[in-house]
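Chemist: sharing a sequence plus its predicted fold:
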There are 2 protein chains.
Amino acid sequence: MKTSKISLLIQQTHIGTLVSKRLDVSLSVHGINFTEYTIMHHLHATRDNKLSRIGLAEKVGLTASGVTRVLLPMEKNHLVSRESNPRDARQSLVVMTDAGRELFQNAQVTAEYSTEEILSLLDQDELSLLVKLLNKLKC
Amino acid sequence: MKTSKISLLIQQTHIGTLVSKRLDVSLSVHGINFTEYTIMHHLHATRDNKLSRIGLAEKVGLTASGVTRVLLPMEKNHLVSRESNPRDARQSLVVMTDAGRELFQNAQVTAEYSTEEILSLLDQDELSLLVKLLNKLKC
DNA sequence: GCTATATGCTTGACTAATCAACGATTCTAC
DNA sequence: GTAGAATCGTTGATTAGTCAAGCATATAGC
């Protein structure tokens, strides 16, 4: 109880980097890293599998230019494609392709497996509790 | 409850990057970033304020070469210095200097302030619960 | 003691992501 | 409707960190 609150944030970020590295390794068999997986995860969770680049940036915690650079190889590999918004010519929407969806579904199996390992020591109640607590952080 | 466990890990890493960026900004007034702060935090918490570079790497979640590169400017600014281990000539120990301790103590005030903001929505019970849950992750 | 293997650390080459500046478009308020 | 401010996205330059290779030392087994 005497450990400062900063230790909690240090631990939080530490675990974040470990989780990310671990999933990078697992997902590499599909030719993607965890950032790319996360992008597809958010696209998949969206109606029409579409998001603006800025919207994507906010969801994944990257800058706009970071998103541009992550998407570059994904477009080249036809995992996502580009669509313009008729309502706003500044926006270009990111759309998951069929190939992207297929790769994502395979990658999801892999990611789920690693996730189970990482979370294996938590039961269902603890999981939802953890989600609740993380949601309370003011970032 | 229907959200997959992967979402939890995605959220976890997302928060990690946000926290890290936020503390980077706060700490910049002291001329250090969050990684450097974390290194000093671990040195400070150690008997004699000394750690091997490998030991440090494990604690902060960097590779050995990552540690080498973070410490380079810190050595130049005399925040840490280098000491050899008489028992093992391969090791070089990282020691916090007096100047380092002083800067760290100032930075700690700043970091604590930001931490309070970030954790403001959690009460004491929730904080210790969160620590407990994070400790249960198998990374 | 000597060889083989493992560990600690640094370096060159690379990758992921940032920031600042910019062009293009849209929104606001007069 | 037009000027000014805000938003979306890309680009060049930079930074933080990785990986693979290597040198130096240490450890283990013969």
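Modeler: Here it is on my side, so go on. Numbers count the residues shown, from 1 in each chain, chains lettered A, B, ... in the order given.
Chemist: for the rest of this, base every contact and every neighbour count on C-alpha atoms.
Modeler: Will do.
Chemist: and the closest residue to A:I32 other than its chain neighbours, how far from DNA strand D?
Modeler: Leaving aside its chain neighbours, A:I32 sits nearest to A:D24 (7.7 Å; criterion: Cα to Cα, 6 or more residues apart in numbering or on different chains). Note on A:D24: its distance to DNA strand D, by Cα to the nearest atom of the strand, to the nearest Å, is 9 Å.
Chemist: what about A:L121, distance to B:I15?
Modeler: Distance of A:L121 to B:I15, given as Cα to Cα, to the nearest Å: 21 Å.
Chemist: what's the answer for A:L18, then?
Modeler: 14 Å.
Chemist: who has more neighbours out of those two?
Modeler: B:I15 (23 against 17; other Cα atoms under 10 Å in any protein chain shown).
Chemist: off-centre distance for the strand or helix carrying that one?
Modeler: Using DSSP states H and E, the element containing B:I15 is helix B:5-27. Centroid displacement of helix B:5-27 relative to its chain, using Cα atoms, centre = their mean, to the nearest Å, is 14 Å.
Chemist: show me what that helix is packed up against.
Modeler: Packing partners of helix B:5-27 (3 or more Cα pairs under 8 Å, 6 or more residues apart in numbering or on different chains; DSSP states H and E): helix A:5-27, helix A:98-118, helix A:124-135, helix B:34-44, helix B:98-118.
Chemist: quick one: average pLDDT of the last one?
Modeler: The average pLDDT within helix B:98-118 is 97.
Chemist: what do you get for the third one?
Modeler: For helix A:124-135, the mean per-residue pLDDT is 96.
Chemist: what does that helix contact?
Modeler: Here helix A:124-135 makes contact (Cα atoms under 8 Å, 6 or more residues apart in numbering or on different chains) with B:1, B:8, B:11-12, B:15, B:122, B:126, B:130, B:133.
Chemist: and the spatially most central residue of chain A, how far from A:A57?
Modeler: Centre of chain A computed as the mean C-alpha position; nearest residue by Cα atoms, centre = their mean is A:T38, 1.9 Å away. Distance, A:T38 to A:A57, by Cα to Cα: 11 Å.
Chemist: go on, A:T17?
Modeler: Relative to A:A57, and taking Cα to Cα, A:T17 is found at 19 Å.
Chemist: next one: A:N85
Modeler: 17 Å.
Chemist: need the three-state assignment for A:A57.
Modeler: helix (DSSP: H, G, I helix; E, B strand; the rest coil).
Chemist: picking up where we left off before, which one's more surrounded, A:N85 and A:A57?
Modeler: Comparing A:N85 with A:A57 by neighbour count (other Cα under 10 Å), the higher total belongs to A:A57, at 18 against 12.
Chemist: may I see the buried residues of the strand ranked longest in chain A?
Modeler: Across chain A, the longest stretch assigned as strand under DSSP state E is strand A:88-96. Neighbour counts over strand A:88-96 (16 or more other Cα atoms under 10 Å in any protein chain shown) mark A:92-96 as buried.
Chemist: in chain A, where is pLDDT below threshold?
Modeler: A:1-3 (pLDDT under 70).
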